[in-house]
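Colleague: structure of the sequence below:
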Amino acid sequence: MCPSVPWPLVTGGKIRTFHLIKEASAHAEIHLLIIREPEEIPGAEEALAPYCASVRFFERSQPGTIRRWMLPKLERWFHSADLHEHVRREVADGDIELVHLDELLLARIVPSRRGVPVIQHHHKLDTVLYDTLSAGEGPQRHFDLWKLRRLEAESARRYRHHVLCSQEDAEILRGRYGALDVAVVPSGYDPGHFTPSKPIPVRDPNLVVFLGSMNYGPNVDGLLRFCNQALPLLRTRHPGVRLQIVGREPTQEIRALAAPDVEVVGEVPDVRPYLESAGVVIVPLQIGGGTRLKIVEALALNTPVVSTTIGAEGLGLQDRRELLLADTTDDFVAATAELLTDRALAEELGQRGGVHVGQRFRWSALAEELVDYWERVAFSGAMTPSR
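Modeller: Numbers count the residues shown, from 1 in each chain. From the prediction side, this is the model:
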């Protein structure tokens, strides 16, 4: 079950869900239930149907007055009474072997009394992200965070089995709720798409690229910090440096960064030319969570990367082996300048990074890990809540 349509592949979450469905379909019969977007998504059903035994869309609806007060904003926004009723009937029929909930906000959609095991999937820990982004906000925002925490706690009570993107997120969830059965399935890349070009393109030794959805809070926060604090210092260490910001729906704050040496590109049909021309890709994130696709895709094309530790968590990458890690402004500037200047080191790290992601992060292998977990849960008879 998905709260939004995993198509087109314009965000990390949609990319992750689509590719896991596509690759898992070789091993499982998938019936996909989707809450419809406010606007029609052309080509969505045609893109998903080849990998699913059935695809059904359900209209959004407004919860009642009392429930609107009880539910966090995310859960209200993706509410669907029709989907609730359909799930109630499907679970009662007993033909489904396993339910996979693609986001926390769907936690209450399966009846408490059920004859089918459920897996709760977390693209990120929403409570961690929301808590960080709520710092300094007003009481309404904090009340919504309180409701979101209650939803997470209810999910942990209802469902013992959870899938997360990183070991760090898994440890946080187990630390909060104890006896959960947790699987870590990171996000990956499509090796058929992200294959280094031949002949190898010439990288621009002055070009720094940031890649990511530019309406996503952690990306906006990290890029603003980089531009306000690190970029002025980088200009003095590496004159001629240029920054390209590549990603959909740049906010007004991001658009305002445009300058002679800062290009706000926005959404592009193909990110590969930008990654292959970059002297270095930067990931200056200070807020965790999310799919980390930008690093995996960059390294798949042998593009050198500088990241914060938070930005690269969950990928098993080692500093000065597959990338450079830097967590203070001065260190981030120094690392970026080093890779722009030392092209031999940059190429070496990019090559090692490409080998690492090729061995660990192909979608086909990750989907097999997910299906193995599905099978273990489905055939273990484990339907009891975690506590």
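Colleague: helices or strands up against the longest helix seen in the chain?
Modeller: Among the elements of type helix in the chain, defined by DSSP state H, the one spanning the most residues is helix 139-158. Secondary structure elements in contact with helix 139-158, counted by 3 or more C-beta pairs under 8 Å, 6 or more residues apart in numbering; DSSP states H and E, are helix 73-77, helix 126-133, helix 167-177. In short, each C-beta sits where N, CA and C put it, glycine included.
Colleague: ok, 10 Å please
Modeller: helix 65-70, helix 73-77, strand 118-122, helix 126-133, helix 167-177 (3 or more C-beta pairs under 10 Å, 6 or more residues apart in numbering; DSSP states H and E).
Colleague: pick the most buried one from these.
Modeller: Using mean count of other C-beta atoms under 10 Å, the stretch among these with the largest mean neighbour count is strand 118-122, at a mean of 24.
Colleague: in its sheet, what does it sit against?
Modeller: According to DSSP bridges, strand 118-122 forms sheet pairs with strand 99-101 (parallel), strand 161-164 (parallel).
Colleague: for residue 216, find the nearest of the ones you listed.
Modeller: Each of the strands paired with strand 118-122 was checked against residue 216 via C-beta to C-beta, and the shortest separation belongs to strand 161-164, namely 18.3 Å.
Colleague: could you pull out the helices in the stretch 201-350 of the chain for me?
Modeller: Using DSSP state H, counting those that start in this stretch, the helices found in the stretch 201-350 of the chain span residues 217-225, 231-237, 252-255, 272-277, 293-300, 329-341, 343-360.
Colleague: of all those, which one comes closest to residue 5?
Modeller: Ranking those by their distance to residue 5 (criterion: C-beta to C-beta) puts helix 293-300 first, at 18.1 Å.
Colleague: now that closest one - C-alpha only, PDB.
Modeller: The C-alpha coordinates for helix 293-300 follow below in PDB (Å, rounded to 0.1, in the frame of the first residue of the first chain):
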ATOM      1  CA  LEU A 293      20.100   8.100  -3.500                       C
ATOM      2  CA  LYS A 294      22.300  11.000  -4.500                       C
ATOM      3  CA  ILE A 295      25.500   9.400  -3.200                       C
ATOM      4  CA  VAL A 296      24.800   6.000  -4.600                       C
ATOM      5  CA  GLU A 297      24.000   7.400  -8.100                       C
ATOM      6  CA  ALA A 298      27.000   9.700  -8.100                       C
ATOM      7  CA  LEU A 299      29.400   6.900  -7.100                       C
ATOM      8  CA  ALA A 300      27.800   4.500  -9.600                       C
END
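Colleague: got the angle between that helix and helix 343-360?
Modeller: Calculated by axes from the mean of the first three to the mean of the last three C-alpha atoms, to 10 degrees, helix 293-300 forms an angle of 110 degrees with helix 343-360.
Colleague: state the mean pLDDT of helix 293-300.
Modeller: Confidence over helix 293-300, taken as the mean pLDDT, stands at 96.
Colleague: next one: stretch 354-365
Modeller: Rounded mean pLDDT across stretch 354-365 is 97.
Colleague: same check, this time on stretch 337-349
Modeller: Throughout stretch 337-349, pLDDT has a mean value of 98.
Colleague: which parts of it are buried?
Modeller: 337-340, 346, 348-349 (16 or more other C-beta atoms under 10 Å).
Colleague: excluding its backbone neighbours, what's nearest residue 167?
Modeller: Take residue 167 and drop its neighbours on the chain: the residue closest to it by C-beta to C-beta, 6 or more residues apart in numbering is residue 184, 5.3 Å away.
Colleague: which ones are touching the one you found?
Modeller: Contact partners of residue 184, counting by C-beta atoms under 10 Å, 6 or more residues apart in numbering, are 162-171, 314, 369, 373.
Colleague: can you put those in CSV and add distance to residue 325 and pLDDT?
Modeller: Written out in CSV, the entries for the contacts of residue 184 read as follows (distance: C-beta to C-beta, whole Å; pLDDT from 0 to 100):
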residue, distance to residue 325, pLDDT
162, 28, 98
163, 26, 98
164, 22, 96
165, 19, 93
166, 15, 91
167, 17, 91
168, 14, 90
169, 19, 93
170, 21, 94
171, 19, 94
314, 13, 86
369, 26, 98
373, 30, 98
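Colleague: closest one of these to residue 279?
Modeller: Using C-beta to C-beta, residue 314 comes nearest to residue 279 of those, at 25.5 Å.
Colleague: list the contacts for the residue lying closest to residue 324 once chain neighbours are set aside?
Modeller: Counting by C-beta to C-beta, 6+ apart, residue 324 lies nearest to residue 335, which is 4.1 Å off, once chain neighbours are set aside. Under the criterion of C-beta under 10 Å, 6+ apart, the contact partners of residue 335 comprise 280, 282, 305-307, 319-320, 323-326.
Colleague: ok, now with 6 Å
Modeller: Neighbouring residues of residue 335 by C-beta atoms under 6 Å, 6 or more residues apart in numbering: 306, 324, 326.
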